[in-house]
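[1] Turn this into a structure:
(chains A, B and C)
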Amino acid sequence: MDALVPPASAALAVTSTPPAGALLRWYDRHRRVLPWRAGPGQTADPYHVWLSEIMLQQTTVAAVVPYYRRFLELFPTVQALAAAGDGAVMSAWAGLGYYARARNLHACARAVAALGDFPDDVEGLRRLPGVGAYTSAAIAAIAFGRPVVPVDGNVERVTARLFAIDIPLPLARRVIGAAAATLNADLEAYARPSDFAQALFDLGATICTPRNPACAICPWMRCCAARAAGIAGDLPVKAAKAVRPQRHGAVFLLSDAEGRLLLRRRPPSGLLGGMTEFPGTAWRDAPFALDEVRASAPMAADWRPVGTVTHVFTHFALTLQVFAASVVQVAEDLLQVGFLRAPDAMATEALPSLMRKCLELPR
DNA sequence: GACTCGTGGCG
DNA sequence: TCGCCAAGAGT
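    Below you'll find the predicted structure:
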């Protein structure tokens, strides 16, 4: 690769802005109906837009929808969310992943409640916890009609293809971002920032998809450089990913005479920060031998192996050996850091999916 | 810029 | 089966 002549230079010579009108007309006809989305010609509630945007970070629409509905039931307004307890918020978020989002969500709600309302421009929004470059632009465009183009994975992909930018990500971010920012130079886009942003999302989600893009029915097929070159499906180019290490651990399901289970709280930050878990060993590269496991158990008991749980995190895979035991009474000292919960109270605990898998093993 | 940080669905 | 992927942010 010749570093002095970036491959995108030729593509960027495509100076004509893609016609926003074609995309907007397509959007008016084919827009997705989503619970946080306002109807045609209506303006969405900033609280709804913000909540959905936080939930949608690195998360599919299908996964978000039930959580979004539940949050609105539990916390109908940003003030209600601000006034809620940490446990209620983390419990409602449990299973959705990336739990720093939930902690920042709560902090952000309190900040907005203190301000009185959401800031209505990019700069103000950008200062809120959990609101970065993308999300501030998305809320500003969708909820406040600011003429900005939020660059998420969809817009990144659409833009890389439109201009045939074949610089590998993440190096290509700046070039793609600069190209994306030109998309609303078109007056029709400038006049409908909210619809234009969401049209780009919908295009990326339903036509300009990562694999097998449906170029034949794309409203921008005539101005797409990648399509013309027959390489749409190959863009954007991504850097090779690191290998995912395999880690190991053991967890203990300890129940007392009343059937209550011993839980503990994880540290407030880091992996699964602030979430509930069953006590267990630290996680390490090597599997644990049985005698090691018994020495790590929270208290002496008749520990039975009940199975194995595998779980894949973003940067490592985890295999947990799960052990169960019943005792008449849980040792007093364990309740210094841990606590007991009845099985029917597990639904309202902030248990991450990893721990739910442990709980669901037949014992 | 490079890491960290979840989860479930899909080809 | 398994790697890839999803409306990224914080450090």
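
[2] Next secondary structure element downstream of the helix ranked longest in chain A?
    Ranked by residue count, the top helix of chain A under DSSP state H comes out as helix A:100-115. Later in the chain than helix A:100-115, the nearest helix or strand by DSSP states H and E is helix A:122-126.

[3] what sits against the residue in the stretch 51-200 of chain A positioned nearest to DNA strand C?
    Nearest residue of the stretch 51-200 of chain A to DNA strand C: A:Gly132, at 2.5 Å (C-beta to the nearest atom of the strand). Yep, even glycine has a C-beta here, placed from its N, CA and C like the rest. A:Gly132 is in contact with A:Arg126, counting by C-beta atoms under 8 Å, 6 or more residues apart in numbering.

[4] Need the pLDDT of it.
    In this model, A:Gly132 is scored at 98, pLDDT.

[5] quick one, phi/psi of it?
    Per-residue torsions, A:Gly132: phi -100, psi -160 (degrees, to the nearest 10).

[6] And the helices in the stretch 251-363 of chain A?
    According to DSSP state H, counting those that start in this stretch, the stretch 251-363 of chain A carries its helices in the segments A:290-296, A:353-360.

[7] Quick one: mean pLDDT for the longest one?
    Mean pLDDT, computed over helix A:353-360, is 98.

[8] that older thread, tell me which residues in the longest helix of chain A are buried?
    Using 16 or more other C-beta atoms under 10 Å as the test for burial, helix A:100-115 gives A:101-106, A:108-113.

[9] Please go through the residues you listed and note which also touch DNA strand C.
    Contacts with DNA strand C within the buried residues of helix A:100-115, counted by C-beta under 7 Å from any atom of the strand: A:Asn104.

[10] could the buried residues of helix A:100-115 be laid out in JSON lines, adding pLDDT and distance to DNA strand B?
    Formatted as JSON lines, the buried residues of helix A:100-115 follow (pLDDT from 0 to 100; distance: C-beta to the nearest atom of the strand, whole Å):
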{"residue": "A:Arg101", "pLDDT": "98", "distance to DNA strand B": "8"}
{"residue": "A:Ala102", "pLDDT": "98", "distance to DNA strand B": "9"}
{"residue": "A:Arg103", "pLDDT": "98", "distance to DNA strand B": "9"}
{"residue": "A:Asn104", "pLDDT": "98", "distance to DNA strand B": "11"}
{"residue": "A:Leu105", "pLDDT": "98", "distance to DNA strand B": "13"}
{"residue": "A:His106", "pLDDT": "98", "distance to DNA strand B": "14"}
{"residue": "A:Cys108", "pLDDT": "98", "distance to DNA strand B": "17"}
{"residue": "A:Ala109", "pLDDT": "98", "distance to DNA strand B": "19"}
{"residue": "A:Arg110", "pLDDT": "98", "distance to DNA strand B": "20"}
{"residue": "A:Ala111", "pLDDT": "98", "distance to DNA strand B": "21"}
{"residue": "A:Val112", "pLDDT": "98", "distance to DNA strand B": "23"}
{"residue": "A:Ala113", "pLDDT": "98", "distance to DNA strand B": "25"}
